[in-house]
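K.L.:
what follows is a predicted structure for the sequence shown.
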Amino acid sequence: MSNQTTDYANLDALVTYLRLVLENGLPPKNQEKKYILLFAYNGTGKTRLSMSFKDAGKSNGLADTLYFNAFTEDLFSWDNDLDNDTQRVLKLNSNSRFFAGLQELEMDNRIRPLLQRYADFDFKIDTDNWTVSFEREVGNGETRKKAEHIKVSRGEENIFIWCFFLAIAQLAIDEQEAYAWVKYIYIDDPISSLDDNNAIAVASHLAQLLNEQSRVKAVISSHHTLFFNVMWSELNERGKNNPLQPYFLSDDKSTNNYMLRYTNDTPFFHHVALLKQLYEAAESGNLYTYHFNILRNILEKTATFHGFKNFSACIKQDADDPEGIMHTRMINVLSHGNYSFFEPMEMLEENKRYFKKILNDFMTNYRFNPELFPEILEQTEEAPQS
């Protein structure tokens, strides 16, 4: 299949196609596809698409899709105990099938190992009152005590809800009776409020959870380029009969049409959106070793586009390093293997300086929309004209 773009008149038409791909595969061989991976910018309609997909699966009032999106978070709401300010709990919507196995399946023990990957707080589920209370050890040195009924931060709450969903998804994938109704899992932007470290961890963990032997199939959509690329890399390695179908989703505001473009390569490492992400990381100083992986990939894509054999051709040659050997070697070393991608560590200050120089020189030499990079635009305007 080529990188062709197909138009769909509305969300219903797009949903029909996505379900067809998962149910019947793609011509000419009708090869089965278990996973659809969608990249789309915010405002495209990803959440609406996930709800349309869910609604399309309803039959006799029963759904076939377990979904995670902005509406999933609405199944949880805070009771802040405004009268006493002591017994804060997160309330669960007992009417939702999302919690079908809560009372019988020891969800505490299923969620806790997942949560411990990302957070340092603990929780208790009250299955009689349909609430969750949180606790955390606090103190200095050897003096520690347990603070109970705390209100966790918004980001920590999102992580807890995500781990709750993962535990339920695992039950569905394992075909547990309470979730036998699940035919599809639809996940839209699970990491909207997580940093890049957790985005990598979430993507890698999710890819491991998805089981090719299970009858359950999945659609995953995201606007997060790093998350998308980790998912693509992990799912794309599942044998010659690759069950993954990756797309770029966009919309036309003038016609309200949706456009789906198939992509058969890591599609967004070279995209301006990811370059902007690198730029913002460099500006904030929050640089990790995996950013060298991303920078190298951008350099390689650019070198190929311009007909060079090696990415080093896209590195600015300084007077004290006319061959660009030092910076090339640094990128080679710091982007070597997958260790820096899946075990992120913050760069040393010296490496941050080198990274910023290589990135800024690249962006100065290869023109991108300067309105996206105000500091680069300012430097360009101040540079003497030859």
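P.N.:
Right, received. Where do you want to start?
K.L.:
contact partners of the helix ranked longest in the chain?
P.N.:
In the chain, assigned by DSSP state H, the helix with the most residues is helix 154-173. Around helix 154-173, the neighbours that count as contacts under CB atoms under 8 Å, 6 or more residues apart in numbering are 66, 68, 72-73, 76, 90, 98, 101, 105, 107, 110-111, 114-115, 118-119, 121, 123, 132, 134, 152, 178-179, 182, 185, 190-194, 198, 202, 205-206, 209-211, 214, 216. Every residue, glycine included, has its C-beta placed from N, CA and C.
K.L.:
three-state assignment of P113?
P.N.:
Following DSSP: H, G, I helix; E, B strand; the rest coil, the label given to P113 is helix.
K.L.:
if you tally nearby residues, what's the number for it?
P.N.:
10 (other CB atoms under 10 Å).
K.L.:
part of a helix, is N109?
P.N.:
Yes: under three-state DSSP, N109 falls within a helix.
K.L.:
what's the pLDDT at it?
P.N.:
As predicted, N109 sits at a pLDDT of 92.
K.L.:
likewise the one 4 residues further on?
P.N.:
Among the per-residue scores, P113 holds a pLDDT of 92.
K.L.:
one step back: would you mind checking the contacts of helix 154-173 for buried ones?
P.N.:
66, 68, 72-73, 76, 90, 98, 101, 105, 107, 110-111, 114-115, 118-119, 121, 123, 132, 134, 152, 178-179, 182, 185, 190-192, 194, 198, 202, 205-206, 210, 214, 216 (16 or more other CB atoms under 10 Å).
K.L.:
list the buried ones in stretch 211-222?
P.N.:
Those would be S214, V216, K217, A218, V219, I220, S221, S222, for stretch 211-222 by 16+ other CB under 10 Å.
K.L.:
helices and strands of the protein: which one bottoms out on pLDDT?
P.N.:
helix 339-342 (a mean of 46; mean pLDDT, DSSP states H and E).
K.L.:
hmm, who's touching the helix or strand following it?
P.N.:
Per DSSP states H and E, the first helix or strand lying C-terminal to helix 339-342 is helix 349-365. Residues outside helix 349-365 that contact it (CB under 8 Å, 6+ apart) are 275, 278-279, 282, 285, 287, 291-292, 295, 298-299, 302, 314-316, 327, 330-331, 334, 347, 373, 376, 379-380.
K.L.:
select from the residues you listed every entry located in helices.
P.N.:
Of those, the ones assigned to helices by DSSP H are 275, 278-279, 282, 291-292, 295, 298-299, 302, 327, 330-331, 334, 376, 379-380.
K.L.:
just the buried residues of stretch 211-222: which are in strands?
P.N.:
K217, A218, V219, I220, S221, S222 (DSSP state E).
K.L.:
what are the ranges of the helices in the stretch 51-200 of the chain?
P.N.:
For the stretch 51-200 of the chain, applying DSSP state H, counting those that start in this stretch gives helices covering 70-73, 107-115, 154-173, 196-209.
K.L.:
output these as CSV; include the columns distance to R19.
P.N.:
Listed next are those as CSV, based on distance: least, CB to CB, whole Å:
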stretch, distance to R19
helix 70-73, 20
helix 107-115, 29
helix 154-173, 17
helix 196-209, 21
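K.L.:
between the ones you listed, which gets the lowest average pLDDT?
P.N.:
Among those, helix 196-209 carries the lowest mean pLDDT (a mean of 80).
K.L.:
tell me the helices and strands packed up against that one.
P.N.:
Contact partners of helix 196-209 among helices and strands, from 3 or more CB pairs under 8 Å, 6 or more residues apart in numbering; DSSP states H and E: helix 154-173, helix 225-235, helix 339-342.
K.L.:
tell me the most buried of those helices?
P.N.:
Here the criterion is mean neighbour count by mean count of other CB atoms under 10 Å, and of the helices and strands packed on helix 196-209 the winner is helix 225-235, at a mean of 22.
K.L.:
list the buried residues of the next helix or strand after that one.
P.N.:
From helix 225-235 onward toward the C-terminus, using DSSP H and E, the following helix or strand is strand 244-252. Residues of strand 244-252 classed as buried by neighbour count (16+ other CB under 10 Å): L244, Q245, P246, Y247, F248, L249, S250, D251.
K.L.:
any idea how far I173 lies from L105?
P.N.:
Note on I173: its distance to L105, by CB to CB, to the nearest Å, is 14 Å.
K.L.:
so M107 touches F98, yeah?
P.N.:
No: using CB atoms under 8 Å as the test, M107 is too far from F98 to be in contact (11.2 Å).
K.L.:
wait, which of the helices of the stretch 51-200 of the chain is closest to Y258?
P.N.:
Counting by CB to CB, Y258 lies closest to helix 70-73 out of the helices of the stretch 51-200 of the chain; the figure is 19.1 Å.
K.L.:
for PyMOL, what selects the buried ones among the ones in helices among the contacts of helix 349-365?
P.N.:
Buried members of the ones in helices among the contacts of helix 349-365, defined by 16+ other CB under 10 Å, are picked up in PyMOL with:
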select buried, resi 275+278+279+282+291+292+295+298+299+302+327+330+331+334+376
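K.L.:
contact partners for L92?
P.N.:
For L92, the contact set (CB under 8 Å, 6+ apart) comprises L75, F76, F99, L102, W130, T131, V132.
K.L.:
beta partners of it?
P.N.:
Bridge pairing for L92 (DSSP bridges) gives the partners F76.
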